[in-house]
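# Got a predicted structure here, sequence first:
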Amino acid sequence: MNYHKPFFNRTLSRREMLKMSSCGFGSLALMGMVGSLGSACKSTDRESQALLSQLAKAPNFLPKAKNVIFLYMDGGVSQVDSFDPKPRLAKENGMDPKFKIDATQFNNNGKILQSPWDFKQYGESGLAVSELFPHIASCADDLALIRSMVSDFPEHTNANYFLHTGSGLQGRPSMGAWVNYGLGTENSNLPGYVVLDGGLIPPGGVDNFKNGFLPADYQASIMKTGNIPVANIKPDSTSAKYQKQKLDFIHEMDAREEGSSSEIEAAIKNYELAYHMQSSVPELTEFSAESKATQKLYGLFDEDLNTRNYGAQCLMARRLVERGVRFVELTCPYMSGIDRWDQHQSLKDGHERNAHAVDQPIAGLLKDLKSRGLLEETLVVWTGEFGRTPFAQGSDGRDHNPSAFSMWMAGAGIKKGTIYGQTDEYGYRVVENPVTIHDLHATILSLLGVDHKQLTYHFGGRDFRLTDVHGNVVKDILA
Amino acid sequence: MLMLNWRGYFFLLPVFFAMLVFFCLPSCKQEGKQALPAQVDFNFHIKPILVQKCYLCHGPDPSSREAGLRLDLKEGATMLLESGKTAIVPSAVHKSALIERITSDNPEVVMPPPSLKQKLSDYEVALIKKWIKEGAEYEPHWAFMPAETNKKVVKADFFEQIDALIQEKISEKGLESSEKADKYQLIRRLSFVLTGLPPDVERVKQFVADECPEAYMDLVDEYLNHPAFGEKWASHWMDVVRYAETKGHEFDYQIQGAWRFRDYLIRAFNQGVPYDQLLKEQLMGDMLSSPRENPVSGENESALGTMFFTMSEGTHSPVDIKKDEADRIDNMIDVVGKSFQGLTVACAKCHDHKFDPIPTADYYGLYGMLGSTRFSPLPVGNGKIKFNTVSKAAELKRKIKSLVANEWTGPLEEDSIPVRLVNISSVPESAKDINIIADFRGLDFQGWKADGLAFGANTTLGEPIFSSSTSTLKALSPGFASSQQFGRGIWGALRSPDFTVDKNFIGISARGKGASIRIVMENFQLISYPIYGGLDQKVDDEAWQNYTFDLSAWKGRKVYIEILPGSFVRHQYTQKADAYIEAEYVISFDEAWQTPDLKDTEANLSISKVVNHWVTGKSSAKEIAFLNRELTKGKLKKDFPSALALKMKCDSLGRLVKDSVFIQGVTEGFGGESNIFIRGNHSDPSNEKVPRIFLSGIFEEQKPYQGDGSGRQQMVEMMLAADNPLTSRVMVNRIWHHVFGKGLVETVDNFGLQGKLPTHPELLDYLALAFVKNSWSIKTMIKNMVLTQAFQRSTSGGSMSLDPDNLYLSRYSVRRLEAESIRDAVLKAAGTLDSTMFGKPVPVHLTEFMQGRGRPGDSGPLDGNGRRSVYLEVRRNFLDRMMTAFDRPTPFTTFGKRDVTNVPAQSLFLMNDPFITEQANHMANQLLNNKNLMEDEDRINDAYLRAFARLPSPDEISKGLGFVNKTKIQLAENAESDKALNILAWKEYCHALFNMKSFIYLM
């Protein structure tokens, strides 16, 4: 495995070229190059598009990032309680909002609600972070914070699809799929797009992570941190010991069909890959190889089970990018009694428990990546699908707010210690430098060396893009 | 270096060489050597170049047109441009500025601009030059021209003519056909293609032994008439219509009765329902004057077809409800366009289509049709019996009235004196802030539309009410809309026209049981909390109550009111046996509720005139009040024992009719045109509305629909018009795709300018014409395709190297089986296939990797109860893991052609999924428990017939035996007895068979 090979210098290997010709021109395959799982030959002409994209378009400019770790804060973190302090809320706490309110999902809008948490400034950049995230705050100088995010949708499912796929509807390719379609994977024994499931698949289901109209190779593989990280990765107990023998027998019998068609030959080879994955995937969860100090850094010994769980996801994320997995997304841990970050009520309790689960593991991830030199080639993205209202829902909750929210990025190509964009005095609406989801996608792609306008796929009569017809790279947060 | 430096080394890189060849495939793979065609054909030679390289900036869409030049029309290409030049001067290559631009070396001048990386090849330039020289003739897009065959039909038989047309190409290209496939291959191929299942072991033996010349033909007929045929071919169509049983998004709500649509399709394919009928039913099955009945159940099959529309997604509580409607209609337009016409109409949502002649006005013409189509529950069951029963009851009611009226109009003294009739209302003049939306206290429904049988033709005004204790006529009923005109539990819906909310409240005086009233806003159906819960109110009080809807937040919205005897529970319409609803009037107001005046004028009428009005159904409320007063005063006869008897008979008829099972279909709304949404933005509508028309850019001879309904019938008429060349071409090509593995037009859902050209244009046209000639019979079409020699060819041999993609069918293409067939084949080989047809889906099997909102409480069975895959539940948010791994498409739009991927998840599934190992175990037991299989060798023979529909070679037998024996030795320690060990070893063997490539590939 070539963990640290700078990928922008990557040329086609001899093996890949051979692969291309051996499959015949009608059914090209580029192992490890276009297919996230090192797909072999296929009988569609879709891979030819992938090939075109790969060779003719991407990367379009010098990439900064090689991998992405996407920390998805499902449900929507409240910006005014985390990274966007608003003293005016304290002054007007309990008063009727003096500004016009948009329709919200629950329309049970109450009084101005001050943040239950204090903010402090951290690091040389003086980034203000609330008490919710003391550990992340200690990495303040590594972050580029955007306080002016906006989304098009105030309901979870559409907003989730929008954040993940650039469209509020079901069935479009996810950004992880686009990235792998554009860039391919570095490790043919592992999928190129992995979702580390902490227990909560976001509303909208696994369609948030699908390939949409892209070939199925590009969909996310959902992994868990437990003993069996991927479906069907382990043979049943009696078979396991003799599996190799059985596969050899199958291979011998299949030899009859060899030469009959390139599709069948590719399917035969696919078994070898699957067999290798059986060992390379479970190895990912063998944390015993990690030092005690590292495990502690991620919070693996914390009293809070949720911290331990999320810590395991974060550690596994590092191990995945280390092995060349292009795009890793972490979903939130399942906690009984609270519904993700979606605190329509009991904001204080819910946000505190959520924050406690993720804070130390995320900081641990950033520090560990940094100390290993991996942060220079890994982009870490932290965001929810929208923010929350500065006024209360009921007495102690906050409703959805797509008009303003905060997110941050760290790592490869990011201008450290930056704050970008601004909201009004209540943190309700963006007043300066709004950043759309399309802009976010364009920026992520750009850091990967891909021009979002050129990463296209022809489907149903037109060229589709992750960014549709929108998107501007947020240059001010780039190093 | 790959991207940054390689331009300089282009020709050194082998990869680029490979690319160069690749780019040109398949249509012009030998272009380097290939001479120019004798005659340049615009559609086949020139247009593909223009579409791919020029139309983006010089095509039909004016919004992206550069330099005022359009090359899609001859007038555009040959006109004098502002620059003083002319792009194309027919017959004059050197005067054509286009040639100058495409051949220039100057990067500032050359077209297409170098940044687009679309440079024309020398061959393409030469083609264009020759075309201009020959006069630069434009022709309409091939797919929009009528199907025609200039060739003489030389062969007597349909299928022989197909072979002749294929052979012509094979000869023309200098290819050689492969031999006929062996009989084992043939039966397996035919069985999978026609039924989706492997052949029965006994049938294989019989077919192989059968030397009759008709053996193959008999087999074809047998499979075409096999019930499994419908299951297989319905599943193809389900891909086209984005079939799903839930709505996806946040809570993945059920689509009510979706599986009945699946059953409808299976029945239709099995019964050989003609394609034109299927098309009609799916697009307007609710409107057919003589719907198709299920011969067994009497059910209205045609109405089930309209679930075509309801297969779309549904959002839980969207804040922007207008956008939600726009998205939903967009999806319908997309699927209608692709399914039936092979056109990407939805591309014209934001701008005129960039390539096809589909102006954005055509998109919004369709939007008008679909926007004025309403979703509606439709009852399932024998509609005809119900209709006849209710008709009889209605007839009895008329008899009762005339019986009574005959007595009343007798020689009454006062009859000569006209009576002055005044309004009964005592309510003072209404305040100004009340609008009367509808008043059902009169006789009619005030322009509302009553669907179903429940509400009858009029209100209850004047219905005789008998007293059961005294057996006398008590009174005549006051007026109100009632769903129990004939009894309770009968389906009906009373719906208002669309109107715009302009007051804070809507009020409805109503009573009922288990009933509901809904305000349907922007056609939004999934009415529920947190935003829209108030728009659906239950009516479960048998006394008159005022139901108030607060619409203050929704002023300016388009709504209609829906009065239903049942109610929606988690978006499933339910109606109990005693359910009914009645409504007096509907008002809107800003401040306080006030009962409106009855709008009756004064009149002077004689009593016989009043009675005559009553019996002929023309009464006004005050006339009925007058008759009631007369009745009370004893001036009219009350005693009608014979009428009472009729009334009781009428009631008992009504009790026979109950609607308790529903699907979600569509019904006609109130027709209306749509605006154009500027750049597709629903919040930016154009001022003018566009006519409801069907693809006027393609079908020019057409008048807009202007009737009261949605206009869907216009769409259907245009699709089935004799001069529509797309409908039949698209469908025969879909059938061809499934029979041969690849369509004659490879892009089966796109026949537009960006679609692929047909490999065999004449054959396609011949098939399209034959399809219509044979009454749109799908079975006849399939039959003639599988009878061809081309279908029966071996997969090996043929001209593999000259035609690697087998475009010209010199052999039969190897292909992987579809997900459903792989699973069904496993079950069949294991002897566990349950061939029960139809019914509710088997709940999806959930693994721990399938999580999220709306997850069902319980997982479905691992083996899907052994049912065929077409009966497995399709939950949008929890798609079956095996179907997904093997490329069944995500149901969001038309997928006439599935991907065929080759990913490790597939190998891992077959290697390790407990379903496969469990089935291997079943198969092992079958082999070991079959007393006819004495020796292990017999077992291997049987296993091969089950798995591959053929006998093993001696080598395969000996290797198989070797594997079994070796496995026995290795597993000895895991087994408690010899018997158990035997099963274990054979299980491993069967498992290995499932993992062999010949199991999942069709040869």
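Structure received.
# Now do stretch B:245-253: distance from first to last residue.
End-to-end distance of stretch B:245-253 (C-alpha to C-alpha, to the nearest Å): 9 Å.
# How about that stretch and chain A, touching?
Yes: residues of stretch B:245-253 contacting chain A under C-beta under 8 Å from any C-beta of the partner chain: B:248, B:249, B:250, B:252. Quick note: C-beta positions are derived from backbone N, CA and C, even for glycine.
# Show me the shaky parts of chain B.
Applying pLDDT under 70 to chain B flags the ranges B:1-34, B:150-155, B:410-432, B:599-602.
# Look up which helix or strand the residue nearest in space to the middle of it falls in, please.
With distances taken as C-alpha atoms, centre = their mean, chain B has residue B:308 as the residue nearest its mean C-alpha position (3.1 Å). Element membership for residue B:308, per DSSP states H and E: helix B:307-310.
# Check what contacts that helix and list those residues.
Residues outside helix B:307-310 that contact it (C-beta atoms under 8 Å, 6 or more residues apart in numbering or on different chains): B:241, B:255, B:257-258, B:260-261, B:264, B:282-283, B:332, B:335, B:370, B:373, B:375, B:663-666.
# picking that back up, compile the residues of stretch B:245-253 next to chain A into JSON lines and extend it with columns for neighbour count.
Converted to JSON lines, those look like this (neighbours: other C-beta atoms under 10 Å in any protein chain shown):
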{"residue": "B:248", "neighbour count": "29"}
{"residue": "B:249", "neighbour count": "31"}
{"residue": "B:250", "neighbour count": "24"}
{"residue": "B:252", "neighbour count": "26"}
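# Can you list the low-confidence ranges for chain A?
Applying pLDDT under 70 to chain A flags the ranges A:1-60, A:105, A:237-239, A:258-260, A:461.
# care to break it down by domain?
What the record gives for chain A is the domain set A:12-57+A:230-278, A:67-229+A:285-477, from automatic domain parsing.
# any idea which of those is most buried?
domain A:67-229+A:285-477 (a mean of 22; mean count of other C-beta atoms under 10 Å in any protein chain shown).
# picking up where we left off before, which pair of the residues of stretch B:245-253 next to chain A spans the longest distance?
B:248 and B:250 (8.6 Å; C-beta to C-beta).
# re earlier: next, format the domains of chain A as TSV and append distance to residue B:820.
Converted to TSV, the domains of chain A look like this (distance: least, C-beta to C-beta, whole Å):
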stretch	distance to residue B:820
domain A:12-57+A:230-278	18
domain A:67-229+A:285-477	16
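# what's across from residue B:492 in the sheet?
Beta bridges link residue B:492 to residue B:452, judged by DSSP bridges.
# my read: it touches residue B:449, true?
No: look at residue B:492 against residue B:449 with C-beta atoms under 8 Å: they stay out of range, at 10.6 Å.
# of those two, who's got more company?
The residue with more neighbours, out of residue B:492 and residue B:449, is residue B:492; 26 against 19, by other C-beta atoms under 10 Å in any protein chain shown.
# dump the residue contacts of that one.
Neighbouring residues of residue B:492 by C-beta under 8 Å, 6+ apart: B:450, B:451, B:452, B:453, B:454, B:455, B:483, B:564, B:565.
# which SS state does the first one fall under?
Secondary structure assignment for residue B:450 (DSSP: H, G, I helix; E, B strand; the rest coil): strand.
# So which bits of the stretch 201-350 of chain B are right by chain A?
Near chain A, when you scan the stretch 201-350 of chain B using C-beta under 8 Å from any C-beta, you find B:248-250, B:252, B:313, B:315-319, B:327, B:331, B:334, B:338, B:344, B:346-347.
# For residue B:537, the count of nearby residues, please.
18.
# whoops, residue B:37 was the one
Per other C-beta under 10 Å, the neighbour tally for residue B:37 reads 11.
# That one against residue B:45, yeah?
Yes: using C-beta under 8 Å, residue B:37 is in contact with residue B:45, at 6.4 Å.
# Pull up the overlap in contacts between the two.
residue B:127.
# right, and residue B:775 touches residue B:272 too?
No: using C-beta under 8 Å, residue B:775 makes no contact with residue B:272, being 9.6 Å away.
# Between those two, tell me which one has more neighbours.
residue B:272 (15 against 12).
# so how far is residue B:339 from that one?
20 Å (C-beta to C-beta, to the nearest Å).
# Same check on residue B:755?
Counting by C-beta to C-beta - residue B:755 and residue B:339 are separated by 15 Å.
# and stretch B:787-798 with chain A, contact?
Yes: legend: contact between stretch B:787-798 and chain A by C-beta under 8 Å from any C-beta is shown at B:795, B:796.
# First-to-last residue distance for that stretch?
19 Å.
# Please identify the buried residues of it?
Using 16 or more other C-beta atoms under 10 Å in any protein chain shown as the test for burial, stretch B:787-798 gives B:787, B:788, B:790, B:791, B:792, B:793, B:794, B:795, B:796, B:798.
# Pretty sure residue B:358 sits against residue B:348.
Yes: between residue B:358 and residue B:348 there is a contact under C-beta under 8 Å: 4.5 Å.
# Could you pull up the contacting residues of residue B:990?
B:829, B:830, B:919, B:920, B:921, B:923, B:924, B:927, B:943, B:947.
# Check which helix or strand the closest residue to the last one other than its chain neighbours maps to.
Counting by C-beta to C-beta, 6 or more residues apart in numbering or on different chains, residue B:947 lies nearest to residue B:993, which is 4.5 Å off, once chain neighbours are set aside. Secondary structure assignment for residue B:993, by DSSP H and E: helix B:978-994.
# so after that helix, what's the next helix or strand?
Using DSSP H and E, the helix or strand that follows helix B:978-994 in sequence is helix B:997-1000.
# what does the stretch 501-650 of chain B put close to chain A?
With C-beta under 8 Å from any C-beta as the criterion, the stretch 501-650 of chain B comes near chain A at residues B:530, B:531, B:553.
# Mark which of those residues are buried, thanks.
B:530, B:531.
# of all the residues of the stretch 501-650 of chain B next to chain A, which comes closest to residue B:394?
Among these, and counting by C-beta to C-beta, the member closest to residue B:394 is residue B:531, at 41.8 Å.
# list the contacts for the closest one?
Taking C-beta under 8 Å, 6+ apart as the contact definition, residue B:531 lies against A:103, A:105, A:106, A:107, B:317, B:319.
# Then residue B:787?
B:159, B:216, B:217, B:220.
# In contact with the last one, which residues?
Spelled out, that is residue B:220. B:190, B:194, B:783, B:786, B:787.
# give me that answer again for 7 Å
Counting by C-beta atoms under 7 Å, 6 or more residues apart in numbering or on different chains, residue B:220 makes contact with B:190, B:783, B:786, B:787.
# Distance check, the nearest residue to residue B:71 once chain neighbours are set aside against chain A.
Closest residue in space to residue B:71, ignoring its immediate chain neighbours: residue B:58 at 4.5 Å, by C-beta to C-beta, 6+ apart. Residue B:58 sits 17 Å away from chain A, taking C-beta to the nearest C-beta, to the nearest Å as the criterion.
# can you check residue B:698 too?
In terms of C-beta to the nearest C-beta, residue B:698 sits 14 Å off from chain A.
# Please report phi then psi for that residue.
Phi and psi for residue B:698, reported as degrees, to the nearest 10, are phi -110, psi -40.
# show me what contacts it?
Contacts of residue B:698 by C-beta under 7 Å, 6+ apart are B:144, B:357.
# for residue B:745, same thing?
B:733, B:751, B:755, B:756, B:758, B:764.
# Over to residue B:348?
With C-beta under 7 Å, 6+ apart, residue B:348 has these contacts: B:358, B:359, B:360, B:362, B:363.
# My guess is the first one contacts residue B:345. True?
So that's residue B:358. Yes: applying C-beta atoms under 7 Å, one finds residue B:358 in contact with residue B:345, separated by 5.8 Å.
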